[in-house]
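Novice: The sequence and its predicted three-dimensional model are supplied below.
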Amino acid sequence: MMKNKIIYSIIALLFFSVSCKKNSTSNQDKTAKEILGNSKYQAFSFGTYRYKTRDSVPSVNELKDDLKLTAALGVKLVRTYNTTHYKQASNLLQAIKELKESDSNFEMYVMLGTWMQCDGAWTKNRNHEKDHTQNNKAEIDKAVRLANQYPTIVKMIAVGNESMIRWADGYYVTPKIILKWVNYLQELKKTNKLLKNIWITSSDNYEAWGGGSKSYRTKDLENLIKAVDFISLHTYPYHATNYHPEFWGIPANEEKLSKIEKIDAAMLRSKNFAMKQYQTTVDYVASLGIEKPIHIGEIGWSTIASSTYGDTGSHASDEYKGKLFYDHIRQWTTKENITCFYFKLMDESWKAKDIRGSENNFGLIKMNGEAKYALWDAVDKGVFKGITRNGKEITKSFNGNKDQLIKTVLLPPTLKEIGILAIETVNKNNQIGQAIKEEKYLISHSSLIPNATNKATYPSTKLLFSPIDGSCKFNMLDDKVVRVKTGTGKWWACSLKVDDENYGENFINFKKGYLNFEIKGETTSSFQIGFQTGNYGKGTLKSNFINFGSKEAYKLMNTWKKHSIPIKTLNTSNNLNDITSVLSLKGISEFDGKEIFFRNIYYSKN
C-alpha cells in the first residue's frame, strides 16, 4: 500500500511539474490580441546597429545586451523593418530565443517588418503602380518562415514600412500592392500555413491611412483597412516643426513666459499635434463603418540636428524636449490603451553621413552608452544595474548635470518669426481646375485689390508655402513680402503650392501673358524662378524656369527691381491648365544661406 502511495505521489508531482511548465509557457506566450492595447506591454521600434553601415549587423550576443536594456525598461514588444536585406531580424529572434531559454521570466515579442517597394525602386524608371515581385515575395516568404520558426515570439507581421506615403518617392507603392500581400498572408492563416493568431498590418504615415489628404482615400485603401487585423500608424510632430510649424511657434500670449515655460508649452502642443493626426485617422476609419484597432507604429523626437531641426532650423532638437515628448507620448498612449512603438531606444549612425544628422539621433541611449535625459531617472533607480553595452555601463549624458543640459536647450521661434505659411485670400466664385477668366491673377500685392475695373482675381484655392525637404525657409511677412532664406546644403528649392490634390490652376488664357514680381536680395547664389505643372507623386511634375544670377540675363540686386517674365519664355511643359505651383525657386550654385525677397507678385494676360 505504501508503495502505491509513493507511486501516486511521484505521478502527482510529475503532473504538477508539467502543469506548471505549461502554465509558465502559456504566461510567456501571449497572442497579438492580448498584447496590443495592453499597457503591460510597452513597445519600441528596434534598430540597434552599432556602426556606420548596416552591412555590419549586430551579433546575437550584441543583441542580447540590447534586449536586456530594452526589457529593463519594462518593454516586451519590439518592431523590425525587413527580413532579407540584412540578418538583423534573424539574429534578433535567435537572441530572444536564447534569452528565454536561459531565463524563464524573460518575455519579449516581435512585430516582424517586411520591406515593400515598387518596380524599379531607386531608379529613374520606377513604376509606383507595379509590384517589385522579386523583392517583395522574398521579404514576405522569409517573414513566414521566421514566424513559423519562432511561433512564441513573432506575433505580428507588417507588410511594408512607409510604403504607401508618396513622399517616399524612391520606392513607394499603391495600396493595391500592399493589399495583395496582406491578403496573401491572411490566406496562409486560413490554410494553416501561418498561425491563425498572428496579426497582419502595414506600418505607414497617418496620411497614407486616410487621416490627411483626401487623395489617399481610395477604394483600394478602404479594402486594405478591411483586410488588416490592425492599423500601424506613424506620426511625427518633430518633422512637422519644419514642414507644418503652425503649432510649434510661440504665440504672442506666451512671449512673456520664461524660456522653460515656453518650451514646456510647445512640447504640449507637439503631443496634441500627434493626438490630432491619430484622431483624424480614427475618424476616417469610423466613417467607413469599419471597426479596426489603431496603434502607433512610429513616433519619436531626435535630440541632435545639424541644420533643419537644429540651431539653424526649427530649434526642435535637444534632450530636454526629447524627455518631455517621450513622457507625454507614453502617458497618453498608456492611458488610452494604444500600443506605441516608440522610435527608438538606441541612436544609430548609419542613417545619415553627418553624425549630427537628426536621423542618427532619435534614440534614448547614445552610441557610447550614455542615457539621455529621458532615462536619467531610470539610471538613478538602478534599472540598468549589471547591464552593459559594448562592455560599458549605462551612465547619464552631461554627467547628470542638468544645468549643463539646459544650456543646450533651443528656444522655438515665435509665430511672427515663422511668418505666414499660407495665402488664404481666395476667390470662392472660381472653381479650381477651370480656366481663369480674369485678366490678373494676384498672389501677393501691397495695393492691388480685385474689382470690376482692374479685372483681377485672387487664387481659386489656398496657396501653401512649401520649402522642399526643409532645404530652405519660405514664408510671407506681415507686409505681404515673400521671403526665401536660401539653403546651404547641396541643393535648395521651394514652391508656393496650390492646395488641391486633384487639380492645379488653369492658366490656359495666359499663354501670351506675364509673370510679374518685384525682387531684391543679397544672396550670391545662382537660382531659378518660375512655376511648376503636374504632380510629383504621379511622376508628371515639370518645372518651367528662367535663371537668375551674376552671369545670367536676369540679375539679383540689393534694391527692388520689377520683372515681367513672358509666359512663353517659361512654359516648357505646354501644360498651362495644371499649374500646381504658382511660384517656385531652385538653387543652382554657390549656396550661402542669404535671403531673397518678393513683393507685388501676379500673373497678367498681357
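Specialist: Received the coordinates, thanks. In this text, all values refer to a predicted model and were calculated from it rather than measured experimentally.

Novice: what about the residue nearest to the spatial centre of the chain, distance to residue 326?
Specialist: Most central in the chain under Cα atoms, centre = their mean is residue 236, positioned 5.2 Å from the mean C-alpha point. Per Cβ to Cβ, to the nearest Å, residue 236 is found 14 Å from residue 326. In short, each C-beta sits where N, CA and C put it, glycine included.

Novice: my guess is the residue nearest to the centre of the chain meets residue 302, correct?
Specialist: No - Residue 236 lies out of contact with residue 302 (Cβ atoms under 8 Å); the separation is 9.7 Å.

Novice: Now do the shared contacts for these two.
Specialist: Counting by Cβ atoms under 8 Å, 6 or more residues apart in numbering, residue 236 and residue 302 have no shared contacts at all.

Novice: tell me the contacts of residue 336?
Specialist: For residue 336, counting by Cβ under 8 Å, 6+ apart, there are no contacting residues.

Novice: Check for me that residue 92 belongs to a helix.
Specialist: Yes - following the definition DSSP: H, G, I helix; E, B strand; the rest coil, residue 92 is counted among the residues of a helix.

Novice: Contacts only, for residue 388.
Specialist: For residue 388, the set of contacting residues under the criterion of Cβ under 8 Å, 6+ apart consists of 65, 369, 394.

Novice: ok, for the first one, nearest residue in space, not its chain neighbours?
Specialist: Just to be clear, that refers to residue 65. Across the structure, with Cβ to Cβ, 6 or more residues apart in numbering as the measure, the residue nearest residue 65 apart from its sequence neighbours is residue 389 (5.4 Å).

Novice: Relative to residue 128, how far out is the one you found?
Specialist: In this view, residue 389 and residue 128 are 40 Å apart by Cβ to Cβ.

Novice: again, but for residue 95
Specialist: Separation of residue 95 from residue 128 (Cβ to Cβ): 36 Å.

Novice: go on, residue 156?
Specialist: Distance from residue 156 to residue 128, counting by Cβ to Cβ: 26 Å.

Novice: okay, the two: which has more neighbours?
Specialist: In terms of neighbours (other Cβ atoms under 10 Å), residue 156 is the more surrounded of residue 156 and residue 128; the figures are 25 against 21.

Novice: check contacts around the nearest residue to residue 37 once chain neighbours are set aside.
Specialist: The shortest distance from residue 37 to any non-neighbouring residue, by Cβ to Cβ, 6+ apart, is to residue 337 (4.5 Å). When contacts are counted by Cβ under 8 Å, 6+ apart, residue 337 touches 37, 38, 39.

Novice: Tabulate these in a markdown table, adding columns for pLDDT, distance to residue 244 and secondary structure.
Specialist: Output for the contacts of residue 337, formatted as a markdown table (pLDDT from 0 to 100; distance: Cβ to Cβ, whole Å; DSSP: H, G, I helix; E, B strand; the rest coil):
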| residue | pLDDT | distance to residue 244 | secondary structure |
| --- | --- | --- | --- |
| 37 | 97 | 29 | coil |
| 38 | 97 | 32 | coil |
| 39 | 94 | 30 | coil |
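
Novice: Quick one, which of those are buried?
Specialist: Among those, the ones that count as buried by 16 or more other Cβ atoms under 10 Å are residue 37.

Novice: Using a markdown table, lay out the contacts of residue 337 together with distance to residue 424.
Specialist: Written out in a markdown table, the entries for the contacts of residue 337 read as follows (distance: Cβ to Cβ, whole Å):
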| residue | distance to residue 424 |
| --- | --- |
| 37 | 40 |
| 38 | 44 |
| 39 | 42 |
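
Novice: For residue 214, state which of the contacts of residue 337 is nearest.
Specialist: Comparing these against residue 214 with Cβ to Cβ picks out residue 37 as the nearest, at 28.6 Å.

Novice: Do I have it right that the closest one meets residue 295?
Specialist: Yes - applying Cβ under 8 Å, one finds residue 37 in contact with residue 295, separated by 7.1 Å.

Novice: Mutual contacts of those two, please.
Specialist: Counting by Cβ under 8 Å, 6+ apart, the common neighbours of residue 37 and residue 295 are 338, 339.

Novice: What's the local residue count around the nearest residue to residue 91 once chain neighbours are set aside?
Specialist: With sequence-adjacent residues excluded and distances taken as Cβ to Cβ, 6+ apart, residue 91 is closest to residue 60, at 5.1 Å. In terms of burial, residue 60 registers 17 neighbours under the definition other Cβ under 10 Å.

Novice: now residue 595
Specialist: Look at residue 595: counted by other Cβ under 10 Å, it has 15 neighbours.

Novice: How about it: which residues does it bridge to?
Specialist: residue 485 (DSSP bridges).

Novice: can you pull the contacts of it?
Specialist: Contact partners of residue 595, counting by Cβ under 8 Å, 6+ apart, are 483, 484, 485, 486, 521, 522, 523.

Novice: swap the cut-off to 7 Å and go again
Specialist: Neighbour list for residue 595: 483, 484, 485, 521, 522, 523 [criterion: Cβ atoms under 7 Å, 6 or more residues apart in numbering].

Novice: Give me the pLDDT for the spatially closest residue to the last one that is not a sequence neighbour.
Specialist: Same thing as residue 523. With Cβ to Cβ, 6+ apart as the criterion, residue 523 has its nearest non-adjacent residue at 3.9 Å, and that residue is residue 594. The confidence metric pLDDT takes the value 93 at residue 594.

Novice: gap between residue 594 and residue 472?
Specialist: Using Cβ to Cβ, we find residue 594 at a distance of 11 Å from residue 472.

Novice: which one of these two has more residues nearby?
Specialist: Residue environment comparison for residue 594 versus residue 472 gives the larger neighbour count to residue 472, 25 against 14, counting by other Cβ under 10 Å.

Novice: Show the pLDDT at the more buried one.
Specialist: In the predicted model, residue 472 carries a pLDDT score of 84.

Novice: thought it was touching residue 495?
Specialist: No - taking Cβ atoms under 7 Å as the definition, residue 472 is not a contact partner of residue 495, at 10.8 Å.

Novice: Contacts only, for the residue nearest to residue 523.
Specialist: Going by Cβ under 7 Å, 6+ apart, residue 594 touches 486, 521, 522, 523.

Novice: and the second one, how many residues sit next to it?
Specialist: By the criterion of other Cβ under 10 Å, residue 521 has 19 neighbours.

Novice: Name the residues linked to it by a beta bridge.
Specialist: Taking DSSP bridges as the rule, residue 521 bridges to residue 596.

Novice: Output stretch 529-536 as PDB, restricted to C-alpha atoms.
Specialist: Only the C-alpha atoms of stretch 529-536 are listed here, as PDB (Å, rounded to 0.1, in the frame of the first residue of the first chain):
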ATOM      1  CA  ILE A 529      12.400  81.200 -60.800                       C
ATOM      2  CA  GLY A 530       9.100  80.200 -62.400                       C
ATOM      3  CA  PHE A 531       6.100  77.900 -61.900                       C
ATOM      4  CA  GLN A 532       5.500  74.100 -61.900                       C
ATOM      5  CA  THR A 533       2.900  72.000 -63.600                       C
ATOM      6  CA  GLY A 534       1.800  68.400 -62.900                       C
ATOM      7  CA  ASN A 535       2.200  66.300 -59.800                       C
ATOM      8  CA  TYR A 536       5.400  65.000 -58.200                       C
END
